[in-house]
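J.: Curious how this folds, go ahead:
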Amino acid sequence: MDAVELARKLKEEATCSICLDYFTDPVMTSCGHNFCRQCIQMSWEKAKGKKGRRRKGSFSCPECREASPHRNLRPNRLLTKVAEMARQHPGLQRRDLCPLHQEPLKLFCEEDQSPICVVCREAREHRLHRALPLDEAAQEYKLKLEKDMEHLREEMFKTGKLQAKEEQALDEWQNKVRRRRERIVLEFEKVGLCLLEEERRLLQALKEEEEETASRLRESRALLAQQSHSLERLLLQLEDLSQREPLQMLQDIKDPLGRSSFSTQYPEVVPPAALRTVCRVPGQIGVLKSFQEDVVLDPTSAYPYLLLYESRQRRYLSSPPEGAEFCNEDRFVAYPCVVGQKTFSSGRHYWEVGMNLTGDALWALGVCRDNVSRKDRVPKCPENGFWVVQLSKGTKYLCTTMAAPTPVTLTEPPSHMGIFLDFEAGEVSFYSVNDGSHLHTYSQAAFPGPLQPFFCLGAPKSGQMVISTVTVWVKG
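T.: Next up, the predicted model:
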């Protein structure tokens, strides 16, 4: 008897005929057959309900049908050990036996890719399939597995190299970011030092100008005070002389008349607007450009004879209207004005306006409420919903309101203006992009509502404004 047959016989002896599994707590009946204790008890419990002739307290054996007393079940300790040995024997594991026929799995069906026994080989479902001995099939598949493993090792090697490269790239990137972070901090420290130095320079220049102008004003004040004192003394002498008797007055008239003919001096008064120092913060325009908006003009709001030419599309956005369009309620009809399409009710916004203006140009720039009067001529001031700066007839004084002008001295009319709106802060600031100087800032607690960019040209031949890609001028 070979080892396989011996193992099969051992398995049969260690298997319960009821559950077809290895014995668990085996017991022997009076007729000499062995079963799992739980299996035989369940079998007899089921038999209780069946009709038939049997002696009271006894049940038939599932193997030989001989009556056996219910309580006459003796433990079989030897069979318990045999079942445990069979359960642990590697050659008797359930996976090594056919689940249908309980025969050793000796063949491999290539069609179904599964091991089969010799009984399965003759069965209808496998009869026409190619079957190989288990060892031959294992050898073939072992070669395939080795090829697959070799491929996987190559892929693992490639993956490892790529992983190493990625780790190196990550380290290099983090080092680059660290160096860039250090450079940013260092550069901002330098910028801070430069700004501090520029601040000191500007404050020193302002101080020197203040002292120089104050000195001139004090000299003028002293000269005028001395002159006023001399005039007062002479006036008193003349008043005294005029009250004398005719003879006495005429005897003393020569000397007072000579002194009353002296020339007075009136020094030139230095106006506060003549202050030359203008605030220029280095790099400020660059910072403001980070909030830059591409302002798009609203042609429906434009004054009837304010022409808007879009250079990219090479077309007019507006032209002198006719009929009912002239009275469109959205149009400005009191001044040559236009507003942007977008309204702002939060955030920070910056835009620039190029100006190619004549010497007598009239213009205004800034923001306005979205519901300002477009039919009436009203002063362009915050009380009427306008926060603008204006230049009148090419003067060098920039007025912030019409009703109460606060002039800002300009060395020359700017050709490039920047407007910065900080809605939450309640501020509108104006800058000369030419030299980066700050011109004026409106500051208040809060704006009363949404705002729009506002543009105004005073009259024909005032010149042109350029907003984004649109050129604006007044038709003559």
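J.: Quick check: phi and psi at residue 363.
T.: When read as degrees, to the nearest 10, the backbone of residue 363 gives phi -150, psi 160.
J.: Surely it and residue 454 touch.
T.: No - with contacts counted by Cβ atoms under 8 Å, residue 363 stays clear of residue 454, the gap being 11.1 Å. All C-beta atoms are positioned from the backbone trio N, CA, C, and that covers glycine.
J.: tell me which element residue 465 falls in.
T.: strand 463-467 (DSSP states H and E).
J.: what's the answer for residue 79, then?
T.: Here residue 79 is assigned to helix 77-88, by DSSP H and E.
J.: List the buried residues for that helix?
T.: Under the neighbour-count criterion of 16 or more other Cβ atoms under 10 Å, helix 77-88 has 79, 80, 82, 83, 86, 87 buried.
J.: Check stretch 13-29 too.
T.: For stretch 13-29, the neighbour count (16+ other Cβ under 10 Å) marks 14, 15, 16, 22, 23, 26, 27, 28, 29 as buried.
J.: Closest to residue 425 out of those residues?
T.: residue 22 (86.8 Å; Cβ to Cβ).
J.: Pull the contacting residues for the closest one.
T.: By Cβ atoms under 8 Å, 6 or more residues apart in numbering, residue 22 lies in contact with 14, 15, 16, 83, 86, 87.
J.: any idea how far residue 300 is from the fifth one?
T.: So the one you mean is residue 86. 98 Å (Cβ to Cβ, to the nearest Å).
J.: cool, and the last one?
T.: Distance of residue 87 to residue 300, given as Cβ to Cβ: 94 Å.
J.: same question, residue 429
T.: From residue 429 to residue 300 the distance is 29 Å (Cβ to Cβ).
J.: okay, those two: which has more neighbours?
T.: Neighbour count, other Cβ atoms under 10 Å: between residue 429 and residue 300, residue 429 has more, with 19 against 16.
J.: check which helix or strand covers that one.
T.: Counting by DSSP H and E, residue 429 is part of strand 427-432.
J.: next one: that strand to chain centre, how far?
T.: With Cα atoms, centre = their mean, to the nearest Å as the basis, strand 427-432 stands 27 Å off its chain's centre.
J.: Sheet partners, orientation included, of that strand?
T.: strand 416-422 (antiparallel), strand 437-443 (antiparallel) (DSSP bridges).
J.: Pick the most buried one from the ones you listed.
T.: Of the strands paired with strand 427-432, the one with the most neighbours on average (mean count of other Cβ atoms under 10 Å) is strand 416-422, at a mean of 21.
J.: could you check the angle strand 463-467 makes with that one?
T.: Between strand 416-422 and strand 463-467, the angle comes out at 40 degrees (axes from the mean of the first three to the mean of the last three Cα atoms, to 10 degrees).
J.: What segments of the stretch 151-300 of the chain are helices?
T.: Ranges of helices in the stretch 151-300 of the chain, per DSSP state H, counting those that start in this stretch, are 246-251, 254-260, 284-288.
J.: For these, which has the smallest mean pLDDT value?
T.: When these are compared on mean pLDDT, helix 254-260 scores lowest, with a mean of 60.
J.: circling back to that earlier point, list just the one of the strands paired with strand 427-432 that sits closest to residue 230.
T.: Checked against Cβ to Cβ, the stretch from the strands paired with strand 427-432 lying closest is strand 437-443, at 43.4 Å.
J.: Tell me the helices and strands packed up against the very next helix or strand once past the closest one.
T.: Remark: after strand 437-443, the chain's next helix or strand is strand 451-457, criterion DSSP H and E. Counting contacts by 3 or more Cβ pairs under 8 Å, 6 or more residues apart in numbering; DSSP states H and E, strand 451-457 is packed against strand 337-339, strand 362-369, strand 386-392, strand 463-467, strand 470-474.
J.: Determine the angle, from 0 to 180 degrees, between the strand holding residue 429 and strand 386-392.
T.: Relative orientation of strand 427-432 and strand 386-392, computed by the same axes, to 10 degrees: 30 degrees.
J.: Now strand 427-432 - C-alpha only, CSV.
T.: Provided in CSV are the C-alpha atoms of strand 427-432 (Å, rounded to 0.1, in the frame of the first residue of the first chain):
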residue,chain,number,x,y,z
GLU,A,427,-10.5,105.9,1.2
VAL,A,428,-9.9,107.0,-2.4
SER,A,429,-6.3,107.9,-3.2
PHE,A,430,-4.8,109.6,-6.3
TYR,A,431,-1.3,109.1,-7.6
SER,A,432,0.9,110.5,-10.3
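J.: what residues does it touch?
T.: With Cβ under 8 Å, 6+ apart as the test, strand 427-432 has contacts from 284-285, 288, 365-367, 387, 389, 410, 414, 416-422, 437-444.
J.: what bridges to residue 457?
T.: residue 363.
J.: my read: it touches residue 306, true?
T.: Yes - in this structure, residue 457 is within contact of residue 306 by Cβ under 8 Å, at 6.8 Å.
J.: any residues in contact with both of the two?
T.: Joint contacts of residue 457 and residue 306 (Cβ under 8 Å, 6+ apart) are 336, 472, 473, 474.
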